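> Return atomic coordinates for the entry below.
(chains A and B, ligands or ions: 2)
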Amino acid sequence: MSAHASDGTMNLKLIVWRQKGPNEPGKFETYEARNITPHHSFLEMMDVVNEDLIKEGKEPIVFDHDCREGICGMCSAVVNGVPHGGFKRTTLCQLHMRKFKDGDAIYIEPWRSRAFPIVKDLMVDRGALDKLIQAAGYISAHTGGVPDGNATPIGKRTADYAMDAAECIGCGACVAACPNGAAMLFAGAKISQYAELPQGQVEAPERVAAMINAMAENGFGNCTNHYECQAACPKGIDVKFIARMNREFVKALAQDKVGALAQSGK
Amino acid sequence: MRLFSDSIGRKVVMAITGLLMVLFVIGHLLGNFSIFAHGINAYAEKLHHLPALVWGNRVVMGLAVIVHVILAIQVTMENQAAKPTKYKVERYLKATFAGRTMIWTGLILGAFIVYHLLQFTIRKTPGLVLEQDALNRFDVFTMVVSQFKVGLIALLYVVAMGGLFLHLKHGIQSTFQTLGLSNGVMLPRYGALGKVLSSVFLVGFVAIPVTIFFGILK
Ligand code: HEM
Ligand code: FES
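Residues are numbered from 1 along each chain as shown, chains lettered A, B, ... in the order given. Ligands and ions are numbered 1, 2, ... in the order given. Got it, this is the predicted structure:
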């Protein structure tokens, strides 16, 4: 339909959330992305737009990114209503412009959640996820020196299960996608990963208690089982890990450990 | 007690109270079906000779509803506060209409429960025909017919049962997930179970006002 069709490049309309600082009012601004090839990644497309903005003497759009190869979890924006754009197991940096057509209008918004205050434009502060890790995302059992390679044999299924949970890159898309701003997929993945392995089982009840406390303290919501998190997760983390966390909670409760141990601060 | 204050604890309580109500709904539907065999007067008579069952059920259901509603309102308000800004573009990959309207279908059910009890249990709503049948039993059938012949009342029941359908289409699978009884294999099966059960409830309950209103059941 356009003059670009012959060389495959596209012109797109971007409607982007701009906000100068954490407590500033923000608004949507419209920009033109010109001469974008199907091989551009979404972030490279943003780079092109920012180059144009800089040339015009305007402030470039601030967005988070680092590895640009889908492993670090830094890139984060809601594209047309879904974190990372809603393509299966795809981070924004791994989303390619061949998924869009010439003339498309694309809405780009920051992660929205009380727990993730906006720093600037599309960049949000995801420190609340670090707080969850500090509260319960580790093993404190003293294990001595470096153990022998196979001193604690782990079965294949157990290893696979724990690895599936550990695939989380901590990008926060689950929180951004959740209509309740809950971090249950993130927390569930950590709880499950540790509860599955012998090193983590020792502290499983304390961990689930501390994790639930930390989620409430850091402004996350409650789960109502929409499963939007799993659908938006670029690593495909399964909501079965949320069920596992719920199970670990019930187990801890049965051992009467939730109240007592949550108080003790661990 | 952490069960009533923790995020997951409160959901567990909601799931258990929800499940109790679902079990009641199953029993209620089976009992109501006696109306199609003109056996509802006999059924009611029998129930009233089992006061322990009737009152035990009333106490458990009353507590379940109250606890479920209080926690539902609490949890929903917290969740709205945790998501202060909505996206400009609203698009969901997985979240359903039923799931996103739980508080509203729930509140419809709450209002319906109050009305339904005033009507057929306390028997104080207008237009009720309260008499004895030929066998000198209380005539439940005539009472029910006297209400469902009124279009507005029949319609109200259809709407409320639409609410029940949506609430349980999401709620049944949600219960298993909340209680930690789910995993990757079972979750879709619970989803299917929820759809089937909620559809059976919808068709089963709606059949009574509809067949009476249109004069099929008389
Ligand atoms: C009376 C007013 C009611 C209100 C305000 C209400 C509200 C809610 C809310 C907000 C949820 C949370 C959504 C979720 O976690 O998925 C919920 C869950 C649920 N409700 Fe209700 N509800 C009501 C009545 C009922 C009734 C009558 C039943 C059953 C017949 C029922 C069964 C359930 C079930 C099974 C769940 C899922 C529980 C879970 O996953 O933890 N509710 N309700
Ligand atoms: S920039 Fe590292 S995952 Fe996207």
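> So which residues on the stretch 101-250 of chain A come close to ligand 1?
Neighbours of ligand 1 within the stretch 101-250 of chain A, by Cβ under 6 Å from any ligand atom: A:224, A:225. Bear in mind the C-beta positions are built from the backbone N, C-alpha and C, glycine included.
> For ligand 1, what's the nearest residue on the stretch 101-250 of chain A?
Closest residue of the stretch 101-250 of chain A to ligand 1, Cβ to the nearest ligand atom: residue A:224 (3.7 Å).
> Spatially nearest residue to that residue, not counting backbone neighbours?
In space, and not counting its chain neighbours, residue A:224 is closest to residue A:180: 6.0 Å by Cβ to Cβ, 6 or more residues apart in numbering or on different chains.
> What is the neighbour count of the one you found?
24 (other Cβ atoms under 10 Å in any protein chain shown).
> how about it, what does it touch?
Counting by Cβ atoms under 8 Å, 6 or more residues apart in numbering or on different chains, residue A:180 touches A:221, A:222, A:223, A:224, A:226, B:79, B:82, B:83.
> try 7 Å this time
A:221, A:222, A:224, B:79, B:82, B:83 (Cβ atoms under 7 Å, 6 or more residues apart in numbering or on different chains).
> Likewise for residue A:71?
residue A:169.
> next one: residue A:96
A:38, A:39, A:41.
> pLDDT wise, what is residue A:202 at?
Listed pLDDT for residue A:202 reads 89.
> To which secondary structure element type does the residue of the stretch 101-250 of chain A closest to ligand 1 belong?
coil (DSSP: H, G, I helix; E, B strand; the rest coil).
> so how many other residues sit close to it?
The number of residues packed near residue A:224 is 27, by other Cβ under 10 Å.
> my guess is residue A:14 is in a strand, correct?
Yes. According to three-state DSSP, residue A:14 belongs to a strand.
> so where do the helices sit in the chain?
By default, I'm working from chain A. Secondary structure of chain A (DSSP state H): helices located at A:42-55, A:127-136, A:156-166, A:173-177, A:184-196, A:198-201, A:204-217, A:228-232, A:240-254, A:258-263.
> meant chain B, my bad for not saying
With DSSP H as the criterion, chain B has helices spanning B:7-32, B:40-48, B:51-82, B:97-100, B:102-116, B:140-148, B:151-178, B:186-213.
> The third one - contacts with which helices or strands?
Same thing as helix B:51-82. For helix B:51-82, the contact count by 3 or more Cβ pairs under 7 Å, 6 or more residues apart in numbering or on different chains; DSSP states H and E identifies helix B:7-32, helix B:102-116 as packing neighbours.
> Isn't residue A:200 up against residue A:191?
No. With contact defined as Cβ atoms under 7 Å, residue A:200 does not count as touching residue A:191 (9.0 Å).
> Below-threshold pLDDT in the chain: ranges please.
As the question left the chain open, I've gone with chain A. A:1-6, A:143, A:257-266 (pLDDT under 70).
> you looked at the wrong chain, it should be chain B
Along chain B, segments meeting pLDDT under 70 span B:1.
> Can you pull the residues of it lying near chain A?
For chain B, the residues in contact with chain A (Cβ under 7 Å from any Cβ of the partner chain) are B:2-3, B:6-8, B:11-12, B:75, B:78-79, B:81-85, B:87-95, B:99-100, B:102, B:174, B:177-180, B:182-184, B:187.
> among those, which are in reach of ligand 2?
Filtered for proximity to ligand 2 (Cβ under 6 Å from any ligand atom), the residues of chain B next to chain A leave an empty set.
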